[in-house]
Structures are given as C-alpha cells and as structure tokens.
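A.B. asks: No sequence on hand, only this structure:
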C-alpha cells in the first residue's frame, strides 16, 4: 500500500510539473506575439483556470525584468488576475508585493497596471512588507503618485497617517487633495474638514459626477456622505444629459443615486452602469431613493473593498 501511495504521489508531482511546463510554453507564445505586434488571444480563461493559477503566477515572474514594457505589464497583469482567482492567501500576498515592487518600473504602463490591479485586492493581503513598500512609494516621486496615495489610505497602517502627512507638506495643491482624501479614509478629522471646506465651493454637474464624486465615495466618511446625500435631495442642481442627442437638464440626484448605490447598506436602487433610463422611471427611482433616505437617517456605509 505504501509503495502504491508513493507511486501515486510521484505521478501527481510529474503531472504538476508537466502542467507548469504547459502554462509556461503557452505564456511564451503570447509574449512572442506581443513582441511581434500581432493580434493576440490572451487566453485569460486558460491562465486563470483554477488548475493553472499557481503555474501562471510562477511563469509570469520570469517576465518581470523583460526589456519590453508591454511584456512586463502583461506579465504582472497575468499574475494579478491569476492571484485573484487563486484560493491561496499566500499567492495573493506574494503578488501584491510584486505589484508594489513594479511601481519602480521605468515605464508608465507598468506602474499604471500596478495601481489598477492593487485596488482589486482586499487590504488583508497587504503584508507588513507590502505596507512598508507602499510607504516608500508614497514618499517617492513616481508615475500616478496620487493613485498610490489613495491606495495607502485604503490599506492603512499604524504609520501610514504620519507618512501621508509628511508627504502632504512637500506636495502641490492637486496632490494635497488626494492626500486629504486618503487621510479621510483613515478617519483623520482635520482632513475631513478640509475636504468639506472645498466642497462648499463646488456646484454639482456632470463633471462633478464623473471626476469628483468617486473620490468622495472612496473616503467612506459619514460627514462627506451626508453632503453628497444633501445634493441628492434637491432638484436645484442640474446636470446635462449623457445622451448626445438630448439637450435636457436632469437633476444631478439622478446620477448621484446610481453612484452611491454600492456604498450604502440596503440602498433601494441598484447601480446602473449606463445611466440610460426613461424619464418616468428615473423620477420614480429618485422618489424611491428620497423616501428611503428620509426613513433611514442612520444609514450604514459599506466599508469593504477599495
């Protein structure tokens, strides 16, 4: 029996090695296509298959130092997508650290991929080492620095408030806005008041919905959410229609309610990705939202994810 068990274990090991070789060879084919500027089938369903995710992470690592930025970016993206599908916490932790290290890359597309992917990982996968690297990133001058301020606020740590405040002193006005948002996420009351002070000068518009509202929702701060909800309770603020063939003005509340839907527990309106609903239905949704908010003054903010 022991001999049979030994043979089975050996066969399983050989199968695993063979599988790793298959994944490595297929990834090499894709990377060769990238080098040749060919039309590419990225085979995400294959690389992110449960049987292949660990091999994908290992295979991707061999391209992290490749001379071509497009190849490096794709390697990190493969590793990230595979880690998100993997059921091993250790794999997620490892890839998060790798993504943070990639922020020192000389290519903007690699760094851009890093912040986009890091937002998808739960903060529990940011190890102490990852938080240390992130603190260094915040203090450095890198591509998309503002995005990493927000990731730092999301992840948090005992020292991150001090790191962000020290960085704020060295920043320009635009960067200070993002550091204040990050500090809001870390419940720094001074920063909450700074953000609220700036909001007194803002008139909601379609640009506000697209450019500023997502940042405000990121903070998860009650006082800021109350300000947003006040805007949703009035028809005075008008937004242009997203429809290219319509010149009508729409209450900004219409767009606000779909943006806040994912961030308030029990909110009665589902998120609408395209915002295209007929006038009667949108008015009905606005009425439903306002009635619910009136009946639920102690609403709970969803404090999960980025």
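C.D. replies: Perfect, thanks for sending it. It should be emphasised that the depicted structure is a prediction, and the values quoted were computed from it without experimental measurement. Numbers count the residues shown, from 1 in each chain.
A.B. asks: which of the residues in stretch 108-127 are buried?
C.D. replies: For stretch 108-127, burial by neighbour count (16 or more other Cβ atoms under 10 Å) applies to 110, 111, 113, 114, 115, 117, 118, 121, 123, 125, 126, 127. For glycine as for every other residue, the C-beta is placed from the backbone atoms N, C-alpha and C.
A.B. asks: Need phi/psi at the residue nearest to the spatial centre of the chain.
C.D. replies: The centre of the chain sits closest to residue 119, judged by Cα atoms, centre = their mean, with a distance of 2.8 Å. Dihedral angles phi and psi of residue 119 (degrees, to the nearest 10) take the values phi -60, psi -20.
A.B. asks: that older thread, want to throw the buried residues of stretch 108-127 into CSV with pLDDT?
C.D. replies: Output for those, formatted as CSV (pLDDT from 0 to 100):
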residue, pLDDT
110, 97
111, 96
113, 97
114, 96
115, 96
117, 98
118, 98
121, 98
123, 95
125, 97
126, 97
127, 95
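A.B. asks: Helices - which of those residues land there?
C.D. replies: Mapping the buried residues of stretch 108-127 onto helices (DSSP state H) picks out 110, 111, 113, 114, 115, 117, 118.
A.B. asks: Quick check: residue 78 touching residue 43?
C.D. replies: No - taking contacts as Cβ atoms under 8 Å, residue 78 lies outside contact range of residue 43: 9.4 Å.
A.B. asks: what about the two, which has more around it?
C.D. replies: residue 78 (27 against 17; other Cβ atoms under 10 Å).
A.B. asks: Report the residue spans of the stretch 1-150 of the chain with pLDDT below the cut-off.
C.D. replies: 1-18 (pLDDT under 70).
A.B. asks: those helices in it, which residues are they?
C.D. replies: 2-35, 44-47, 53-61, 69-85, 89-101, 108-118, 128-139, 145-155 (DSSP state H, counting those that start in this stretch).
A.B. asks: Now do the buried residues in the shortest one.
C.D. replies: Neighbour-count burial for helix 44-47 flags 46, 47 (criterion: 16+ other Cβ under 10 Å).
A.B. asks: Which strands and helices lie in contact with it?
C.D. replies: Under the contact criterion of 3 or more Cβ pairs under 8 Å, 6 or more residues apart in numbering; DSSP states H and E, helix 44-47 touches helix 2-35, helix 69-85.
A.B. asks: which residues are in contact with that helix?
C.D. replies: 23, 26, 27, 52, 53, 56, 78, 81, 82 (Cβ atoms under 8 Å, 6 or more residues apart in numbering).
A.B. asks: quick one: which of these is nearest residue 207?
C.D. replies: residue 81 (32.1 Å; Cβ to Cβ).
A.B. asks: need the contact list for residue 76.
C.D. replies: 60, 64, 98, 99, 102, 110, 113, 114, 117.
A.B. asks: can you pull up the bridge partners for residue 239?
C.D. replies: residue 250 (DSSP bridges).
A.B. asks: ok, the closest residue to residue 235 other than its chain neighbours to residue 237 distance?
C.D. replies: Spatially, and ignoring its direct neighbours in sequence, residue 235 is nearest to residue 251 (4.4 Å; Cβ to Cβ, 6 or more residues apart in numbering). Going from residue 251 to residue 237 by Cβ to Cβ, to the nearest Å gives 7 Å.
A.B. asks: More neighbours: which of the two?
C.D. replies: Neighbours per residue (other Cβ under 10 Å) separate residue 251 from residue 237, with residue 251 holding more: 20 against 17.
A.B. asks: returning to that earlier point: JSON lines for the helices of the stretch 1-150 of the chain, including distance to residue 163?
C.D. replies: Output for these, formatted as JSON lines (distance: least, Cβ to Cβ, whole Å):
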{"stretch": "helix 2-35", "distance to residue 163": "36"}
{"stretch": "helix 44-47", "distance to residue 163": "35"}
{"stretch": "helix 53-61", "distance to residue 163": "28"}
{"stretch": "helix 69-85", "distance to residue 163": "24"}
{"stretch": "helix 89-101", "distance to residue 163": "14"}
{"stretch": "helix 108-118", "distance to residue 163": "17"}
{"stretch": "helix 128-139", "distance to residue 163": "5"}
{"stretch": "helix 145-155", "distance to residue 163": "7"}
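A.B. asks: Only the buried residues of stretch 132-152, if you could.
C.D. replies: 133-135, 137-138, 142-143, 145-152.
A.B. asks: Right, I'll leave it there.
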